[in-house]
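Student: Pasting the sequence and the predicted coordinates here, then a few questions.
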Amino acid sequence: GAVSRFRSEALPWTESGIALEDIYTQQRALHKLGDGTDQVVSLDTLLDEARAVLLLGEPGAGKTTALRAYGLRLARVCRVDQSGITDGRIPVYVPLKEYDALEQDQTMSASNRLVTFIRRFMPVLSETQQEQLLGAGQATLLMDGLDEIADSRTRAQIVGEIQTFATSHLGRDCQVIVTC
């Protein structure tokens, strides 16, 4: 199922028999409020409540682990039947460092380039199912490693494409979490 697929691809230590819950420490986040003040909250609480999140942190701070742990938690509670998703959101892990020249095709709109890239990470779904999943807001895009893109121009382009996607008809209801 979705959990075992996510677990085996994104969390390789689970194959060693070590449960994520035994090694993962709950993260805290500094949430910037609209009035300019900061509030310390549990990262899981923030991720559960926000539609768009940018996780910032030093290398080795646990951003990718937190992202993958959240994705695993989503996969565990997501329920799917013949009619589609009945509960929760499907996590889609998107390693941004793999964004390459194919997605730099300037003949496509920014949103289409990013959607083409995202679809690589939903190979078991047809294009129609992918559009339904994204368009219905039933996906959480776990976009990992923006800081791993060395070229600042490419990084800025990807940021613009993520913003365009998040406001497009296809992405406006999806949850988007980016690590940097």
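Tutor: In hand now; what should we look at?

Student: V115 contacts F165, doesn't it?
Tutor: Yes: V115 lies in contact with F165 (CB atoms under 8 Å); the separation is 6.7 Å. Yep, even glycine has a C-beta here, placed from its N, CA and C like the rest.

Student: and the two? which has more neighbours close in?
Tutor: Higher neighbour count among V115 and F165: F165, with 25 against 21, using other CB atoms under 10 Å.

Student: and the helix or strand where that one lies, which residues are buried?
Tutor: Assigned by DSSP states H and E, F165 belongs to helix 152-167. Within helix 152-167, the residues that count as buried by 16 or more other CB atoms under 10 Å are T154, R155, Q157, I158, E161, I162, Q163, T164, F165, A166.

Student: Now for the fourth one: which residues touch it?
Tutor: Neighbouring residues of I158 by CB atoms under 8 Å, 6 or more residues apart in numbering: L96, Y99, L114, L146, I149.

Student: The same query, at a cut-off of 7 Å, please.
Tutor: By CB atoms under 7 Å, 6 or more residues apart in numbering, the contact set of I158 is L96, Y99, L146, I149.

Student: Please tabulate those in JSON lines, including the columns pLDDT.
Tutor: Shown next, in JSON lines, are the contacts of I158 (pLDDT from 0 to 100):
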{"residue": "L96", "pLDDT": "93"}
{"residue": "Y99", "pLDDT": "85"}
{"residue": "L146", "pLDDT": "94"}
{"residue": "I149", "pLDDT": "89"}
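
Student: Now, of those, which are buried?
Tutor: Applying 16+ other CB under 10 Å to the contacts of I158 flags L96, Y99, L146, I149 as buried.

Student: Can you lay out the contacts of I158 as CSV showing distance to G135?
Tutor: Shown next, in CSV, are the contacts of I158 (distance: CB to CB, whole Å):
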residue, distance to G135
L96, 22
Y99, 22
L146, 24
I149, 27
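
Student: from those, which is closest to K63?
Tutor: The closest of the contacts of I158 to K63 turns out to be L146 (CB to CB; 10.0 Å).
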